[in-house]
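Peer 1: Attaching a predicted model along with its sequence, questions to come.
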Amino acid sequence: MDNDKKSLPVGVFDSGLGGISVLRRLVKVLPDEDFIFYGDSANAPYGSRTADDILQLTENAADRLLSYGVKAIVIACNTASSAAGRQLREKYKNMPIICIEPALKPAVQEGHGGAVAVLATEATLRLSKFAHLMDLYGKKIDIIKLPLPGLPEFVERGELDSDKLRDFLTEKFAVLKGRNVESAVLGCTHYPFVRPMIQSILGQDVKLYDGADGTARQTRRCLESYGLLNGNGNAHVEWHNSAGNQDEFIKRSKMLFKMKI
Ligand code: DGL
């Protein structure tokens, strides 16, 4: 593999700003790579859209990243991964495409028999990829699927700690009362940015899982297997967003990137 290709950046994509929670892990696991982050905030949220719609938007995003000259694409969006991951791999045969998925496996394997709540978008919970995960890991455990439409919008606005957000989540989580919930999977990449609020409402005993770490490690393995690992990058991130007021969104992106969560 020629060194020119290895030194190209890794493209990271989300429907909006949520994928920055994955980008943060990618930078830790792959400090010698450079990255291009593209958030499609103009079209967020994806979670209540049809599968066809999400596929089309994800293909557009992949084309955009390819036009920037990336060597691999990380779909840092559970919704887009579910609706378009397989199709993108078929379309771009020689391009490493890494997909995120809800971290149901570790939640079930590390659990002690209590219920697992899977918090995700309507589309992620509805599409066949999640049904497959349920077949693999959800047979003997009480899995509660809890879609949270409306939550990505809080993160897109940068509203991470308001009374309105607390009321919103408290109302959504009311259905979990009395269900012996032992853990919750943050199955949408926007949710880790409101992790402290989620934890405080669910209680400190409920263990939270997200897919960022697994996706970052998978990306490393994938680059390695394609002979594409770079030794000369420095975790530089170039920011792009489809929103009309791009500058505002890029400012917010950088704030989320640095935030302690
Ligand atoms: N961040 C996306 C995910 O991981 C979804 C947010 C949206 O609805 O656009 O599923």
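Peer 2: Yep, that arrived. Numbers count the residues shown, from 1 in each chain.

Peer 1: Let me know the average pLDDT across stretch 198-211.
Peer 2: In this model, stretch 198-211 has a mean pLDDT of 98.

Peer 1: please renumber so the chain begins at 50
Peer 2: Got it, first residue is 50 now, which makes that one stretch 247-260.

Peer 1: Contacts for it, please.
Peer 2: 70-71, 127, 149-152, 155-156, 159, 166, 168, 215, 218-219, 222, 225, 230-236, 238, 240-241, 244 (C-beta atoms under 8 Å, 6 or more residues apart in numbering). In this view, the C-beta of every residue, glycine as well, is placed from N, C-alpha and C.

Peer 1: dump the residue contacts of residue 133.
Peer 2: 103, 104, 107, 108, 124.

Peer 1: The second one: helix or strand, and which one exactly?
Peer 2: In other words, residue 104. helix 100-116 (DSSP states H and E).

Peer 1: Out of the contacts of residue 133, who's the most crowded?
Peer 2: residue 124 (29 neighbours; other C-beta atoms under 10 Å).

Peer 1: doesn't residue 149 make contact with that one?
Peer 2: Yes: with contact defined as C-beta atoms under 8 Å, residue 124 reaches residue 149; the gap is 6.5 Å.

Peer 1: shared neighbours of these two, anything?
Peer 2: In contact with both residue 124 and residue 149: residue 130, using C-beta under 8 Å, 6+ apart.

Peer 1: and the helix holding residue 104, what other elements does it pack with?
Peer 2: strand 59-63, strand 84-88, strand 121-124, helix 127-140 (3 or more C-beta pairs under 8 Å, 6 or more residues apart in numbering; DSSP states H and E).

Peer 1: repeat that for 6 Å
Peer 2: On a contact count with 3 or more C-beta pairs under 6 Å, 6 or more residues apart in numbering; DSSP states H and E, helix 100-116 meets helix 127-140.
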